[in-house]
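Chemist: Predicted coordinates and the sequence they were generated for:
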Amino acid sequence: PSRVAPYITFVLGGPGSGKGTQCAKMVEAFGFTHVSAGDLLRREIASNSAYGSVILGTIREGRIVPSQVTVQLIQKEMESSDNDKFLIDGFPRSEQNREAFERIIGTEPSVVLFFDCPEQEMVKRVLNRNQGRVDDNIETIKKRLEIFDELNWPVINHYSKTGKLHKINAVGTVDDIFEKFANNISKIGD
Ligand code: UP5
Ligand code: MG
């Protein structure tokens, strides 16, 4: 059925909590379009765009790229899709991010997934990933965790208050974690 507004799910969680991995499974199972904010920013760096060097410096330091830059990339990606069901992965990371999205896109998410993972497990996963990401080193991981702690909790708390938050224990096998929340997700967004 066609909708007035797109159906948006925000996917939140610390670095290495498994956002990207679980999004891939949701795409396969439920036909969402996966929009990873981090992937869009990395694509921007690779394309040598005007913002590329600023984004690279920010990601190396584990800080957050200015909201307008990220929201514009997300907006372009959503507009270029025929789908009206989106997973927005790794965004919003701060209240500023959240407000910019609401202002520029003019839509709120229907659901917010939060993958809750212990810090030492996140560090272990990120250090084992080995995909050449400039931020997968112990110094940057520490900064990513600090920034997450400082800026992400207000966003989580906001969606908890509005009743949109689904908190998921992110420890276990990839398939076990998926099964724990997939039933709920398959019922929504139809
Ligand atoms: N893995 C996954 N699930 C597992 C499981 N259940 N058991 C064991 N291993 C598991 O997984 C990480 C690794 O763990 C993989 O090797 C996987 O196989 C394994 P993944 O699914 O990739 O986790 P994810 O949560 O996606 O981790 P990621 O590192 O991508 O999270 P970040 O939030 O740190 O990275 P992101 O790409 O979103 O952002 C990177 C940077 O971009 C940020 O630090 C920031 O500087 C910048 N950014 C912004 O400024 N603004 C934005 O809006 C977005 C990003
Ligand atoms: Mg990711």
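Modeler: Arrived safely, thanks for sending. Numbers count the residues shown, from 1 in each chain. Ligands and ions are numbered 1, 2, ... in the order given.
Chemist: Now do the strands in the chain.
Modeler: In the chain, the strands defined using DSSP state E lie at 7-13, 33-36, 85-89, 111-116, 165-169.
Chemist: Could I get those in JSON lines, plus columns for mean pLDDT and mean neighbour count?
Modeler: Glycine gets a C-beta too; all of them are placed from N, C-alpha and C. Shown next, in JSON lines, are these (pLDDT from 0 to 100; neighbours: other CB atoms under 10 Å):
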{"stretch": "strand 7-13", "mean pLDDT": "97", "mean neighbour count": "23"}
{"stretch": "strand 33-36", "mean pLDDT": "98", "mean neighbour count": "20"}
{"stretch": "strand 85-89", "mean pLDDT": "97", "mean neighbour count": "23"}
{"stretch": "strand 111-116", "mean pLDDT": "97", "mean neighbour count": "21"}
{"stretch": "strand 165-169", "mean pLDDT": "97", "mean neighbour count": "16"}
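Chemist: can I get these in a markdown table with distance to I74?
Modeler: Formatted as a markdown table, the strands of the chain follow (distance: least, CB to CB, whole Å):
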| stretch | distance to I74 |
| --- | --- |
| strand 7-13 | 10 |
| strand 33-36 | 6 |
| strand 85-89 | 6 |
| strand 111-116 | 15 |
| strand 165-169 | 20 |
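Chemist: closest one to ligand 1 among the ones you listed?
Modeler: strand 7-13 (5.3 Å; CB to the nearest ligand atom).
Chemist: Whether the closest one contacts ligand 1 - can you check?
Modeler: Yes. Using CB under 6 Å from any ligand atom, strand 7-13 reaches ligand 1 at G13.
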